[in-house]
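**Q** predicted coordinates and the sequence they were generated for:
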Amino acid sequence: MKYLDEYRDPVLARRLLDELRGAATRPWRIMEVCGGQTHTLVRQGIDELLPAGMRMIHGPGCPVCVTPLETLDRAMAIAARPGVTLTSFGDMLRVPGTDTDLLSLRARGADVRVVYAPMDAVRLAAGHPDREVVFLAVGFETTAPANATAVLHAARLGLTNFSMLVSHVLVPPAMTALLDDPGCEVQAFLAAGHVCAVMGWTEYEPIAARYGVPIVVTGFEPLDLLEGILMAVRQLEAGRAEVENQYVRAVRRSGNTAARDAVRRVFQVTDRAWRGIGELPGSGLELTEEYRRFDAARRFDVGGLRPVEDAACIAGAILTGAKLPTDCAAYGTRCTPRHPLGAPMVSSEGTCAAFHAAGRTPARSTP
């Protein structure tokens, strides 16, 4: 792995921008799928330096943001029970549910703990057999191998007090759902490099062929993104629609075979609801029957949940790229990183958080 500075060189960035301006003859619209890519684009101002009329559409690639409200409400109902320790990555604790969030629940006495890996939750369960330890397992294909490995390890240990509340989502079905929308403006995609490092890019090839959209597997540094955009534009200008790999230092077409095998052993594809978007067929993962005993949703009956989104939050329109955070009336006023109304403002990969951190403000109309 080379030093990151090599992918942040301002001289090379200017050269790529010059090449991009020379290559683009039309106002192309390209969606970056990953929230990490969104943060780089916005933080570095790349989206504002593109040729006139060209636009980046920010996609639903933040796993925290798309975790269903019902899943969060279920996690909080489970965490509130005596004898339960609910574990999660830190960025999930402040995501608002219908009435509260996990951080506030912890302040009121619930045993909610931040872990850095799902295996930490397994070790916690092994060391505290008197408590039910639940891991809130969210994410795209990137985090699925680690979660699968944790389940396999818990099974080997014979743990009966460990379970997962699973809310995994898959990228390709989300892309096809966006492309099937009659109002879709996306003409090319930048695919998330870390997802493809696990899964490869073979799943994207039928999408590129069916919809006639270029898909470029791209990294996360400024030069990665500029080169990825340039590769997509060159395809668009040439009338090609293929999958290309910009992120050659980390991604192979076949992905990581061992990681894919672990995921397939523990999880199976299912329909999944996406927060702010709705249910997408075949867009999620659930535990297979062999490992269903580790399913926290089955283990804990929390009764009927009635999730209610804040009416002022337009997270769905932001996650699908239909609107920008600055189009939201609550942005920067009622909704801030300290007091978020929706997940895109609190998540480390959320589009609203990216805009807020970069100091983006709504455009002022002139009289």
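**A** Here it is on my side, so go on. Numbers count the residues shown, from 1 in each chain.
**Q** work out for me the element the closest residue to Val251 other than its chain neighbours sits within.
**A** Take Val251 and drop its neighbours on the chain: the residue closest to it by Cβ to Cβ, 6 or more residues apart in numbering is Cys196, 4.7 Å away. Any C-beta I mention is one placed from the backbone N, CA and C, and that applies to glycine too. Using DSSP states H and E, Cys196 maps to helix 193-199.
**Q** right, and the helix or strand after that helix?
**A** Next in line after helix 193-199, if elements are assigned by DSSP H and E, sits helix 205-211.
**Q** off-centre distance for whatever helix or strand comes next after that following helix?
**A** Remark: after helix 205-211, the chain's next helix or strand is strand 215-218, criterion DSSP H and E. Here strand 215-218 is found 16 Å from its chain centre; the criterion is Cα atoms, centre = their mean, to the nearest Å.
**Q** now do strand 215-218, average pLDDT.
**A** Regarding strand 215-218, the rounded mean pLDDT is 98.
**Q** list the buried ones in that strand?
**A** Buried residues in strand 215-218, counted by 16 or more other Cβ atoms under 10 Å: Ile215, Val216, Val217, Thr218.
**Q** now Thr67: phi and psi?
**A** Note on Thr67: its backbone torsions stand at phi -60, psi 120 [degrees, to the nearest 10].
**Q** hmm, back to that, OK, contacts around the residue nearest to Val251?
**A** The contact partners of Cys196, by Cβ atoms under 8 Å, 6 or more residues apart in numbering, come to Tyr204, Val217, Asn245, Tyr247, Val251, Gly255.
**Q** packing partners for the helix or strand that contains Met76?
**A** Assigned by DSSP H and E, Met76 belongs to helix 69-79. Judged by 3 or more Cβ pairs under 8 Å, 6 or more residues apart in numbering; DSSP states H and E, helix 69-79 is in contact with strand 84-88, helix 102-107, strand 132-139, strand 162-169.
**Q** let's see 7 Å
**A** For helix 69-79, the packing partners by 3 or more Cβ pairs under 7 Å, 6 or more residues apart in numbering; DSSP states H and E come out as strand 84-88, helix 102-107, strand 162-169.
**Q** model confidence over the shortest one, on average?
**A** Spelled out, that is strand 84-88. 98.
**Q** list of residues touching that strand?
**A** 75, 78-79, 102, 111-115, 121, 124, 131-136 (Cβ atoms under 7 Å, 6 or more residues apart in numbering).
**Q** filter the residues you listed down to the buried ones.
**A** For the contacts of strand 84-88, buried by 16+ other Cβ under 10 Å: 75, 78-79, 102, 111-113, 115, 121, 124, 131-136.
**Q** Glu185 and Ser254, how far apart?
**A** Distance of Glu185 to Ser254, given as Cβ to Cβ, to the nearest Å: 32 Å.
**Q** now Leu285
**A** From Leu285 to Ser254 the distance is 20 Å (Cβ to Cβ).
**Q** higher neighbour count, those two?
**A** Legend: neighbour count by other Cβ atoms under 10 Å for Leu285 and Ser254, higher for Leu285 (25 against 11).
**Q** and the more buried one, what pLDDT?
**A** 97.
**Q** tell me the contacts of it?
**A** By Cβ under 7 Å, 6+ apart, Leu285 lies in contact with Ala144, Val166, His168, Leu170, Phe267, Gln268, Val269, Thr270.
**Q** and the residue nearest to the third one when sequence neighbours are not counted, what are its bridge partners?
**A** Residue nearest to His168 in three dimensions, not counting chain neighbours: Leu285, with 3.8 Å by Cβ to Cβ, 6+ apart. The residues listed as beta-bridge partners of Leu285 by DSSP bridges are His168, Val269.
**Q** Leu285 and Thr326, how far apart?
**A** Taking Cβ to Cβ, one finds Leu285 at 34 Å from Thr326.
**Q** run through the neighbouring helices and strands of the helix ranked longest in the chain.
**A** If you go by DSSP state H, the chain has its longest helix at helix 222-238. Helices and strands touching helix 222-238, by 3+ Cβ pairs under 7 Å, 6+ apart, are helix 10-23, helix 35-43, strand 188-192, strand 215-218.
**Q** can you pull the contacts of the closest residue to Val66 other than its chain neighbours?
**A** Closest residue to Val66 apart from its sequence neighbours, by Cβ to Cβ, 6+ apart: Trp274 at 4.4 Å. Residues in contact with Trp274 (Cβ under 7 Å, 6+ apart) are Pro60, Val66, Pro68, Val169, Leu280.
**Q** helix/strand/coil for the last one?
**A** Right, Leu280. Of the three states, Leu280 takes strand under DSSP: H, G, I helix; E, B strand; the rest coil.
**Q** pretty sure it is touching Ala177, no?
**A** Yes - here Leu280 reaches Ala177: they are 5.1 Å apart, a contact under Cβ atoms under 7 Å.
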